[in-house]
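Chemist: Could you work out the structure for the sequence below:
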Amino acid sequence: FPPGQYPMGQFPPGQYPPTNYIVEKAFTEHKEKIMGVEGIFVKQKIDLMEVLTGCEIENKYEVYRKAPGKVKKAGKKLWKCKEKSGCYSRQCMTNECRPLNIKIVNLGSNDEYDRECMFVERPCTCTFLCCNRPYAKVFFTEDGGNQYLGKITDPYDCCNYSFKIYDSQDRIAFTIFTTCCQCAMCCSGCPCEPCERVTFQVTDANGNMVATIEKKNKDCLKSAISDADNFGMDFCADFDWEKRSLFLVAMMFIDFMMFEEKAGGNRQGGYIDV
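Modeler: Coordinates of the predicted model:
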C-alpha cells in the first residue's frame, strides 16, 4: 500500500496482516506487559462447587501486579489461567502422576482482546521415587505462535522440596528450594505471621541466590473450606520476558505438586502429608 495511506499496524477493510506479523505483534505485547511489572501475584480462585461437593474441580488462577514488599495484589488483573484435565485424573491420580494442561490468557482492556498467550503441557508420568519425575513444558502460543520457552521439573528430594527451571535450550537456569522445617508447612491456617508463609529460595545456575517466592496461606476460615493458595514474587531487573513467564508457570506447578489436596483433604504424592 502507498506509504502514509494507513497508519503503521492498521490495514484496509477486508485485508489482514500476514501471520508472522500477528505473531510478532503479540510477542511484543506480551513481552512489554510482563517486563513492565516488578513482580507478580498469583491468586488461586476458590471454587464454590468444590467447597460444597468436596470433588476436585479444574483450578483457576488470576495473576496481578504484586504490591511492593507484600504478598498482595496491586492493580487490575493481568492474566487468567485455567486448568484443563480429566475428572478421573483429578479425583483418583496422585499429584505426581496427574496429567493436565493450563491455558494462560493475556487480558486486554475488554474481552474482545483477551487471547491465549501461553500453554502449559503437563503429561502423565508414572512416577516412583526418583524414577520418571514430573515436569511441565511451557509454550508461547498467542495468535498462532508455538515457541518453546522451557520447562519446570520436580526432581526427587527425600526430605525437602526443590524444583528446576530449564530454558528453551533445556539448560538448567534456576533452582527453587524450600525446607520442610517451616511453621506454615505444619500449621497451615493459623493466624500468626510465621504460620502464614512458606518461603522458597531461587538460585541461578551458578548457585547464587537471585530471588524468593512466597506462598501465603489464607486466614483460618478460608483455609478450612478450601485449598486455594496465593503466591508472590519480585523479579530481578535482569530477568528477561522468558524467565518471568517461566516463573509465572513455576508458581502454579509448585501449587499442584505441593499444596493440591484431593477429596477428603489429603495431599497425595511423594511428599510428607502436611
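Chemist: Can you find the helix or strand in this protein with the smallest mean pLDDT?
Modeler: Least confident helix or strand of the chain, by mean pLDDT, DSSP states H and E, is helix 220-225 with a mean of 50.
Chemist: Helix or strand next in line after that helix, which one?
Modeler: Downstream of helix 220-225, the first helix or strand assigned by DSSP states H and E is strand 230-234.
Chemist: partner strands of that following strand, parallel or antiparallel?
Modeler: strand 39-44 (antiparallel), strand 209-216 (antiparallel) (DSSP bridges).
Chemist: Same list, the ones you listed, but as TSV with mean pLDDT, distance to Tyr166 and mean neighbour count please.
Modeler: Bear in mind the C-beta positions are built from the backbone N, C-alpha and C, glycine included. Converted to TSV, the strands paired with strand 230-234 look like this (pLDDT from 0 to 100; distance: least, C-beta to C-beta, whole Å; neighbours: other C-beta atoms under 10 Å):
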stretch	mean pLDDT	distance to Tyr166	mean neighbour count
strand 39-44	94	20	23
strand 209-216	94	16	18
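Chemist: Minimum distance to Phe256: which of the ones you listed has it?
Modeler: strand 39-44 (10.3 Å; C-beta to C-beta).
Chemist: From one end of stretch 33-40 to the other, what's the distance?
Modeler: 11 Å (C-alpha to C-alpha, to the nearest Å).
Chemist: now swap in stretch 100-116 and tell me
Modeler: OK, stretch 100-116 end separation, C-alpha to C-alpha: 17 Å.
Chemist: same deal with stretch 235-248?
Modeler: 11 Å.
Chemist: mean confidence for that stretch?
Modeler: Across stretch 235-248, the average pLDDT comes to 96.
Chemist: before we move on, the earlier item: out of the strands paired with strand 230-234, which is closest to Trp241?
Modeler: strand 39-44 (12.3 Å).
Chemist: How about the contacts made by Asp204?
Modeler: Asp204 is in contact with Ala173, Phe174, Val210, counting by C-beta atoms under 8 Å, 6 or more residues apart in numbering.
Chemist: State the distance from the last one to Thr203.
Modeler: Distance of Val210 to Thr203, given as C-beta to C-beta, to the nearest Å: 7 Å.
Chemist: Overlap of the contact sets of those two?
Modeler: By C-beta under 8 Å, 6+ apart, the residues touching both Val210 and Thr203 are Phe174.
Chemist: Check the secondary structure at the nearest residue to Asn106 once chain neighbours are set aside for me.
Modeler: Of all residues not flanking Asn106 in the chain, Cys117 sits nearest, at 3.9 Å (C-beta to C-beta, 6 or more residues apart in numbering). With DSSP: H, G, I helix; E, B strand; the rest coil as the basis, Cys117 sits in strand.
Chemist: Wait, Cys117 touches Leu107, no?
Modeler: No: Cys117 is beyond contact range of Leu107, at 9.5 Å (criterion: C-beta atoms under 8 Å).
Chemist: Which residues are in contact with each of the two?
Modeler: Trp79.
Chemist: More neighbours: which of the two?
Modeler: Between Cys117 and Leu107, Cys117 has the larger neighbour count (other C-beta atoms under 10 Å), namely 24 against 18.
Chemist: and the more buried one, what is it in contact with?
Modeler: Ala26, His30, Trp79, Ile104, Val105, Asn106, Phe140, Thr141, Glu142.
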